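**Q** Build me a structure from this.
(chains A, B, C and D)
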Amino acid sequence: MHIMEGFLPLRHCIGWSVASAPFVAYGLRTINKGIKENPEQRMLLGVATAFTFVLSALKMFSVTGSCSHPTGTGLGAVLFGPAAMAPIGAVVLLFQAILLAHGGLTTLGANIFSMAIVGPFAAFGIYRLAQALKLPFGVCIFLAASMGDLLTYVTTSLQLALAFPDPVGGFAASFAKFAGIFAVTQIPLAISEGFLTVIVFNALARLNPQELKDLNVVTAKEVQA
Amino acid sequence: MKQQTTDPILEVQAVRFRYPDGSVGLDGCSLAIQRGSRTALLGANGAGKSTLFLHLNGILRPMSGAVLFEGLPVDYGRQGLHHLRSRVGLVFQNPDRQLFSARVREDISFGPLNLGLDAGTVRNRVEEALLAVGMTACADKPVHNLSFGQKKRVCIAGVLAMQAELAQILDRLHAEGMTVIIATHDMDYAYQWADVLAIMDTGICAASWDAAQLPAYLDQLEGFGVGVPRVAEMHKALAACGLFGPDLPAVRSHSELLDAIAKMAAVGSRP
Amino acid sequence: MKQQTTDPILEVQAVRFRYPDGSVGLDGCSLAIQRGSRTALLGANGAGKSTLFLHLNGILRPMSGAVLFEGLPVDYGRQGLHHLRSRVGLVFQNPDRQLFSARVREDISFGPLNLGLDAGTVRNRVEEALLAVGMTACADKPVHNLSFGQKKRVCIAGVLAMQAELAQILDRLHAEGMTVIIATHDMDYAYQWADVLAIMDTGICAASWDAAQLPAYLDQLEGFGVGVPRVAEMHKALAACGLFGPDLPAVRSHSELLDAIAKMAAVGSRP
Amino acid sequence: MLIEHSAYTNRWRRVSPAAKGLFSLCGLVAAYAAATPAAACGSAAVLCVVTVLGAGIPPLRYLRVAAPALFFLAVSALSLAVSLKIGPSMADVSLHLARTGFQRVAQVCGRSLGGLAALLFLAMTTSLIDIIGLLRRLKTPEVLLDMMTLCYRTLFVFSEAVHDTLTAQSARLGYATMRHSMHSLGGLVATITVQVWQRSQALHVAALARNNDGPLRFLEQVYPHSTRDICLAVSGGAALVALVRVIS
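**A** Numbers count the residues shown, from 1 in each chain, chains lettered A, B, ... in the order given. Down below sits the predicted model:
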């Protein structure tokens, strides 16, 4: 769920862009450092961006009954790290705006904040927290992916509510409105994205544990489990 | 163009199909596939071979015209597709695009499990299919360690394992059990392998010949730009040279031709 | 095994290479590539063909043994690699794994720009390379709308555009300008195209024959499991049959053989 | 991808992307500068006409591309128009249409339509590769440009792989039921995930073979009549902004 071109007032467009910029800059610095140590990462990031784009364009209508898309933030955050996801997500959102007219240029900052910053960082934080609580690997992944998706959508609703507080009920009523309307598609989607990501990681663990280990995503023990 | 009316198991009748981007896939294509036959589809890229295949399995639905399976129009409801796909399997060009499980056995079991069969039946079918393609020894290897040819066999096993009459088909494989259609650019291989050669050209089936009668159509074949079997060309040249009599039966493979020449050499050296 | 000592442009001498995962890439491989020659590398999957290629371009470094370019050991410093790669280009199997930019011209300019050439020179080279592969008309299409064959040509143009002596090479392309080495499984194609056939087997170069002399080695060739050229087989059979004299020069392609037979037919019918 | 197709086939595909970018930017400025919804809608109409008639985009395709965004706008506008009143207890929730709401909804809708038309002008006339080139001239960080270039190239490779695998799975009844769909989709995503590493490794080797040891460098595209086009675009854009201010 991206905010469309022109929908946000100018002050909000600028505000969210300013809020997103340091995260993207930090992500780029992390990436640059990684590329210096390991030049292959230049290609990896480009290909990972394409992967994230294609993933977010995968229609899940057969699964949720509506024509909705997974965000892929959970999967991406765990695979590539939350810092890298900010620039990756920024490029994906720019491409979605230009190739699909999904989202927009003035709303790019706001969309980056919800999809490429809050989503991945929340997903990664929840993943680490769940791991620290010694929850089973599948549960960690499920929580990370579904909560990452859900918090993305909550953030978007907050952004809309901040921009358009209800003339009667104020910010809270407006948030309830936006959150309520989009909940119809977003809650089933978050749950199915959680399940899907678990299936993906199970399949990955069987397909090629070596590459996951190289990424330091999961320890060898988890892959075998 | 030959019309066969004996016992077509699959038939497309004047099928038209246009892709969402506007490009024409099939433009009134008609073709009947005989039960138990081996048909090779030949044609340039974009001639409609893949589009035709996707119609035979019910993945694409004709915009006009009809697809018939065992004489009846295909039912595109859930049950109908279930039935069709348990009888008509598709193997794709590139095995890497259709294998998505870590282990060979797991991948082969994908189709039968989707059919809703119980675990025991699936297990049996997987083993039968592995045996049929000669991959039992490799069944425990991870898929990404297999060679291209081995992956291809796993793909075939995956399709075999879905077939409703698998046991009978495998028994009769060398008789006339399974109807097979392939799309290829390799005219030499097609000529050697197929009973029927069907030529696709810009969305229609332009010709369909019995392989045994192909030598008579060599000139026509050249016009389609799909190539001419080298063996047939060579055979014709040698016949013109007087090495073979004019009424010799068609020789369809390189090794058959070599044998025929060796026989001639033996005859020639005897007197 | 033939030893040529005339003028090798590239040479590997007893090169050993082992991948980090422990698998053996090359196991004491020696081969000399003659300037201006066309060499076909044949061998099963995993025989070491790709590993050898990556050594010739300086991407992999031998663990023991040496790679020589124009008679001198390759210098693996930045300048040395720069020089080597501006003379020795690599085209990979799959264009989707080597094209970086969706714009044809941009992708071709990638190599020459990496060489540090100025924009004007690069622009000229890109156009020359496009012309050489016959892709000038397609240069404004995005890469993803090209066919497989067209993508392959873009890859070749990308390598051509890096060559230091591009203009001369293109002038002399039909003479002896460019040395070309290909890895292939297609023995028929290799026999028709190459001057030299080199057989790779488990990390070594097991044999290297002049294509013209291959017929004498057919039995040995069979032992390597890389196939035997059909034309050579057919030619031998026909010679055994008495159609050709025993001292006929090697016929290397299907059409050459057809011509030879037609000539025989004409001779035979004359008296 | 209808936008992608238009970007490579429209009449203005060879016009300097800087010119098209500036005109689109003026369109965005006009959408925000419009004081009344009518003025913003007027700006949207001008941009739409310019795109359809000027660049020669079929109107039906234009509508199909705009449809999802218009749907988002309809849903969001509805929630803006409706006002939610939460009473003292949670059960006491009432909805009403606020009068002041309408004015605001019209304002937002006008601005969104103007913005959307400006975005579509750029997207449907300019290929992404041209836009990346433009960003390169605007001194975007190199890593970001490399990511964009590789992403744009690779996303077609991946989407082809996804499409083929989906077809192969459907042929084996992989999407017959919801449970099967999940399982199949999971397998699909996992195979594509593994390819991320395989493909980037292959690209890395291919880049080395072409002597790359740093950022990806490409030759800049040259556009004929670039200066003329930029002048035209800026004056046209300025006229649009002025028009919007005059109407409102």
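
**Q** State the distance from D:Val15 to chain C.
**A** According to C-beta to the nearest C-beta, to the nearest Å, D:Val15 stands 14 Å off from chain C. Every residue, glycine included, has its C-beta placed from N, CA and C.

**Q** Which residues are in contact with the nearest residue to D:Leu203 once chain neighbours are set aside?
**A** Leaving aside its sequence neighbours, D:Leu203 sits nearest to A:Met43 (C-beta to C-beta, 6 or more residues apart in numbering or on different chains; 4.3 Å). Neighbour list for A:Met43: D:Leu150, D:Arg199, D:Ser200, D:Gln201, D:Leu203, D:His204, D:Ala207 [criterion: C-beta atoms under 8 Å, 6 or more residues apart in numbering or on different chains].

**Q** can we see that at 6 Å?
**A** A:Met43 makes contact with D:Ser200, D:Leu203, D:His204, according to C-beta atoms under 6 Å, 6 or more residues apart in numbering or on different chains.

**Q** and the last one, which of the three is it?
**A** In three-state terms, and counting by DSSP: H, G, I helix; E, B strand; the rest coil, D:His204 is helix.

**Q** helix, strand or coil for B:Gly46?
**A** B:Gly46 - assigned by three-state DSSP - is coil.

**Q** can you tell me which residues contact D:Glu142?
**A** If a contact means C-beta under 6 Å, 6+ apart, then D:Glu142 has D:Pro215 as its contacts.

**Q** The one 4 residues further on too?
**A** D:Asp146 makes contact with A:Arg42, A:Gly46, D:Pro215, D:Leu216, according to C-beta under 6 Å, 6+ apart.

**Q** ok, and the most crowded of those residues?
**A** The residue in the contacts of D:Asp146 with the most neighbours, by other C-beta atoms under 10 Å in any protein chain shown, is A:Gly46 (29 neighbours).

**Q** tell me the contacts of it?
**A** A:Gly46 neighbours (C-beta under 6 Å, 6+ apart): D:Asp146, D:Met147, D:Leu150, D:Cys151.

**Q** Is stretch A:9-28 in proximity to chain D?
**A** Yes: Stretch A:9-28 is in contact with chain D by C-beta under 6 Å from any C-beta of the partner chain, via A:Leu10, A:Leu28.

**Q** low-scoring pLDDT stretches of the stretch 51-200 of chain B, where are they?
**A** Filtered on pLDDT under 70, the stretch 51-200 of chain B yields the residue ranges B:166-177.

**Q** Might you enumerate the residues of it proximal to chain A?
**A** For the stretch 51-200 of chain B, the contact set with chain A under C-beta under 6 Å from any C-beta comprises B:Ala102.

**Q** State the distance from the closest residue to chain A within the stretch 51-200 of chain B to D:Gln198.
**A** Residue nearest to chain A within the stretch 51-200 of chain B: B:Ala102 (3.7 Å; C-beta to the nearest C-beta). The gap separating B:Ala102 from D:Gln198 is 15 Å, by C-beta to C-beta, to the nearest Å.

**Q** B:Asn57 is in contact with B:Val88, correct?
**A** Yes: with contact defined as C-beta atoms under 6 Å, B:Val88 counts as touching B:Asn57 (5.3 Å).

**Q** For the helix or strand harbouring A:Gly89, list the C-alpha coordinates in CSV.
**A** For A:Gly89, the host element (DSSP states H and E) is helix A:82-100. Extracted C-alpha coordinates of helix A:82-100, given in CSV (Å, rounded to 0.1, in the frame of the first residue of the first chain):
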residue,chain,number,x,y,z
PRO,A,82,18.0,-3.9,7.7
ALA,A,83,20.6,-1.2,6.9
ALA,A,84,21.0,-2.3,3.3
MET,A,85,17.2,-2.5,3.0
ALA,A,86,16.8,1.3,3.1
PRO,A,87,18.7,2.0,-0.1
ILE,A,88,17.3,-1.2,-1.7
GLY,A,89,13.8,-0.2,-0.8
ALA,A,90,14.4,3.3,-2.0
VAL,A,91,15.4,2.0,-5.4
VAL,A,92,12.5,-0.4,-5.5
LEU,A,93,10.0,2.3,-4.6
LEU,A,94,11.4,4.7,-7.2
PHE,A,95,11.1,1.9,-9.8
GLN,A,96,7.6,1.1,-8.7
ALA,A,97,6.6,4.7,-9.1
ILE,A,98,8.2,5.0,-12.6
LEU,A,99,7.5,1.5,-14.0
LEU,A,100,4.1,0.8,-12.4
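
**Q** Which single one of the contacts of A:Gly46 is nearest to chain C?
**A** Nearest to chain C among the contacts of A:Gly46: D:Leu150, at 6.4 Å, using C-beta to the nearest C-beta.

**Q** and that closest one, how many neighbours?
**A** Residues within reach of D:Leu150, counting by other C-beta under 10 Å, total 27.

**Q** do you know how far the residue in the stretch 101-250 of chain B that chain C sits nearest to is from chain D?
**A** Per C-beta to the nearest C-beta, B:Cys241 is where the stretch 101-250 of chain B lies closest to chain C, at 4.0 Å. Distance of B:Cys241 to chain D, computed by C-beta to the nearest C-beta: 47 Å.

**Q** from what I can see that residue touches C:Ala260, true?
**A** No: using C-beta under 6 Å, B:Cys241 is not in contact with C:Ala260, being 10.0 Å away.

**Q** Stretch D:107-127 near chain C anywhere?
**A** No: legend: contact between stretch D:107-127 and chain C by C-beta under 6 Å from any C-beta is lacking; minimum distance shown is 6.9 Å.

**Q** Let me see the domain layout of chain D.
**A** The record assigns chain D these domain ranges, following automatic domain parsing: D:2-126+D:223-247, D:140-209.

**Q** Pick the most deeply packed of those domains.
**A** Each of those was scored by mean neighbour count; the highest is domain D:140-209, a mean of 21, by mean count of other C-beta atoms under 10 Å in any protein chain shown.

**Q** from the chain's centre, how far out does that one sit?
**A** Relative to its parent chain, domain D:140-209 has a centroid offset of 21 Å by C-alpha atoms, centre = their mean, to the nearest Å.
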